[in-house]
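Undergrad: no sequence for this one, just the structure:
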């Protein structure tokens, strides 16, 4: 029965092909040419990488170029097409084939089978009708191996689900800076409903960042680039976000993959921690300056008085007293230096200006470089303690980098105001940041990078930013800008009071040394000046 069906189908198809070729196939030469063409067609079908099957109207196999199991292609001819398919796909495949026979419209179906090594293989079968005199006499089945395509689709679907479920906001930015894909977390991060941000620029969400050009990085640098900025939501609330953007190439098009998360709570905790550390430093600095420093100064004065008394009564004072006095004066200076280091910015003692002047003096005395400080702040400018402390620490790190890494010989600190912004500029004549960073890959560069990151972080805490530029003709310029608060004109007299306080503070800083020098010049003045107090203290010590 199967053999008869195979023969009938073959003859039927062959007759149809003969009629298509023309009327000249009746002679022997034409029949021979047809047989040769048929053999060449069969060889081409067997060499084809796809699975080719010809079935008759009864869905029996007339021809196949390969088998799907251990049977040969010749053994499959005459069998129902279902013999070549896994049992779980019989109903779907037969429904598709019968529909093509009935309607005549090409269709397709898919099935999965095990490969030679036991791995799953996905086959897509395209079904088309074969017509003769407007009648469907057979069907052609073209099966292609779509395993790699199916696996790729499944991987993409899995990745899409992973991105959709991420807590971080993910977006794809094209070269024009437009958002083309977002996940739900990204939309909710900026307070928008699903898909509302597609087609918009990220710069429309924040005025403090511009992403245009970031995806145009060189072929050797695909990122990621760290990113942090503040954005305003439609309800007016402010959100602080941080993350990174990386280059993503797709079909010769360059995109930027942006991953962001809300860091508002983290920044709040970090600010609270910095404020707590600053308060503790201020407390310790004040204790050192007003407590231990004053007590050491008092001891130095008492020793100087004692030396004057002994010299007045006995004609000379033991030389050890002079040595002890020098040690005490050194201890006073060291104590005040520690106090200035812990709490460099004191609004009641000159504020940021006085602190930066002290930093320039410290650079001259310790590093031996030419350092100067200038400022052009208006009298109404006001810098609160927190911002002033951050600016001072930024300047301190910049000066240290200029001397230690840039090998600078001169450093200039300048404080100015422009467009309601406070600007601090630190310029040096060293070798510059590019030369410094190319010297080595050692731990020294890592530490320097950490210092630069801390400077950026302090600038952000002060609601500003910091940038690094190459100086002309050499060196580096560090520019930090942050919002400036202007006081009413009625309160401008406080600035003059601060300037006067600086002079008084400068006199206090060197008070012990001045007392020591004047006592040495007038040895008899000190005992007469505090003789009663000295006696009372000595009496208290004996009791």
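TA: Looks like it arrived, so ask away. Keep in mind it's a predicted model, so treat the numbers as computed, not measured.

Undergrad: Helices of the stretch 351-500 of the chain, residue ranges please.
TA: In the stretch 351-500 of the chain, the helices defined using DSSP state H, counting those that start in this stretch lie at 351-362, 385-404, 433-437, 443-461, 493-509.

Undergrad: scratch that, the stretch 151-300 of the chain
TA: 184-189, 264-286, 293-314.

Undergrad: Can you give me the buried ones in the second one?
TA: To tie it back to what came earlier, the one meant is helix 264-286. Across helix 264-286, burial judged by 16 or more other Cβ atoms under 10 Å covers 267, 274, 278, 281-282, 285. For the C-beta atoms, the positions are set from N, CA and C on the backbone; glycine is no exception.

Undergrad: and which of the residues you listed is nearest residue 138?
TA: Taking Cβ to Cβ as the measure, residue 138 lies nearest residue 267 of the buried residues of helix 264-286, at 72.9 Å.

Undergrad: wait, isn't that closest one in contact with residue 240?
TA: Yes - look at residue 267 against residue 240 with Cβ atoms under 8 Å: they come within range, at 5.4 Å.

Undergrad: Between these two, which contacts overlap?
TA: Common neighbours of residue 267 and residue 240 are not found (criterion: Cβ atoms under 8 Å, 6 or more residues apart in numbering).

Undergrad: Residue 147 against residue 113, yeah?
TA: No - contact criterion Cβ under 8 Å: residue 147 and residue 113 do not qualify, at 10.2 Å.

Undergrad: Include mean pLDDT and distance to residue 235 when you put the helices of the stretch 151-300 of the chain into TSV, please.
TA: TSV is the format used below for those (pLDDT from 0 to 100; distance: least, Cβ to Cβ, whole Å):
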stretch	mean pLDDT	distance to residue 235
helix 184-189	93	12
helix 264-286	81	15
helix 293-314	84	53
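
Undergrad: Identify whichever of these lies nearest to residue 363.
TA: helix 264-286 (20.1 Å).

Undergrad: tell me the angle the closest one makes with helix 385-404.
TA: 80 degrees (axes from the mean of the first three to the mean of the last three Cα atoms, to 10 degrees).

Undergrad: Show residues contacting helix 264-286.
TA: Residues contacting helix 264-286 (Cβ under 8 Å, 6+ apart): 239-240, 338-343, 385-386, 389, 460-461.

Undergrad: Can you add distance to residue 71 and give these back as a markdown table?
TA: A markdown table is the format used below for those (distance: Cβ to Cβ, whole Å):
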| residue | distance to residue 71 |
| --- | --- |
| 239 | 66 |
| 240 | 68 |
| 338 | 93 |
| 339 | 95 |
| 340 | 94 |
| 341 | 90 |
| 342 | 89 |
| 343 | 91 |
| 385 | 89 |
| 386 | 84 |
| 389 | 85 |
| 460 | 73 |
| 461 | 76 |
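
Undergrad: Show me which of those are buried.
TA: Looking at those with 16+ other Cβ under 10 Å, the buried ones turn out to be 239-240, 338-340, 342-343, 385, 389, 460-461.

Undergrad: out of those, who's nearest residue 153?
TA: When these are compared against residue 153 (criterion: Cβ to Cβ), the nearest one is residue 239, at 35.5 Å.

Undergrad: what's the pLDDT at that closest one?
TA: Looking at residue 239, its pLDDT reads 89.

Undergrad: just residue 319 next, same as before
TA: pLDDT, residue 319: 79.

Undergrad: okay, and for this structure, where does confidence drop off?
TA: For the chain, applying pLDDT under 70 flags the ranges 1-44, 46, 208-222, 251, 343-344, 346-350, 433-449, 486-543.

Undergrad: if we can go back for a sec, intersection of neighbour lists for residue 147 and residue 113?
TA: 120-121.

Undergrad: if we look at the helix or strand where residue 74 lies, which residues are touching it?
TA: Using DSSP states H and E, residue 74 sits within helix 73-76. Applying Cβ under 8 Å, 6+ apart, the contact partners of helix 73-76 are 61, 64-67, 83-84.

Undergrad: How about stretch 399-418?
TA: 352-353, 356, 359-360, 363, 367, 369-378, 381, 395, 422-433, 436, 444, 448, 451, 475-476, 484.

Undergrad: Mind checking which of those residues are buried?
TA: 352-353, 356, 359-360, 363, 367, 369, 371, 373, 377, 381, 395, 422-433, 436, 448, 451, 475-476, 484.

Undergrad: which one is the most centrally placed residue in the chain nearest to, not counting chain neighbours?
TA: By Cα atoms, centre = their mean, the chain has its centre lying nearest to residue 226, at 1.8 Å. Nearest residue to residue 226 in three dimensions, chain neighbours excluded: residue 244, at 5.4 Å (Cβ to Cβ, 6 or more residues apart in numbering).

Undergrad: Can you report how many residues lie near that neighbour?
TA: Using other Cβ atoms under 10 Å, residue 244 has 14 other residues around it.

Undergrad: who's the residue lying closest to residue 228 once chain neighbours are set aside bridged to?
TA: Distances taken as Cβ to Cβ, 6+ apart place residue 242 nearest to residue 228, at 4.0 Å, with adjacent residues excluded. Counting by DSSP bridges, residue 242 forms beta bridges with residue 228, residue 261.

Undergrad: Quick check, residue 242 in contact with residue 259.
TA: No - assessed by Cβ under 8 Å, residue 242 is found out of contact with residue 259, at 9.9 Å.

Undergrad: Which of these two has more residues huddled nearby?
TA: Counted by other Cβ under 10 Å, residue 242 and residue 259 do not tie: residue 259 has more neighbours, with 20 against 17.

Undergrad: Return the residues in contact with the more buried one.
TA: Counted by Cβ under 8 Å, 6+ apart, residue 259 has contacts 168-170, 243-245.

Undergrad: Can you flag the buried ones in those?
TA: By 16+ other Cβ under 10 Å, those give 168-170, 243, 245 as buried.

Undergrad: Need those in JSON lines (columns: distance to residue 400).
TA: JSON lines is the format used below for the buried ones among the contacts of residue 259 (distance: Cβ to Cβ, whole Å):
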{"residue": "168", "distance to residue 400": "36"}
{"residue": "169", "distance to residue 400": "37"}
{"residue": "170", "distance to residue 400": "39"}
{"residue": "243", "distance to residue 400": "30"}
{"residue": "245", "distance to residue 400": "31"}
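
Undergrad: Great, nothing more from me.
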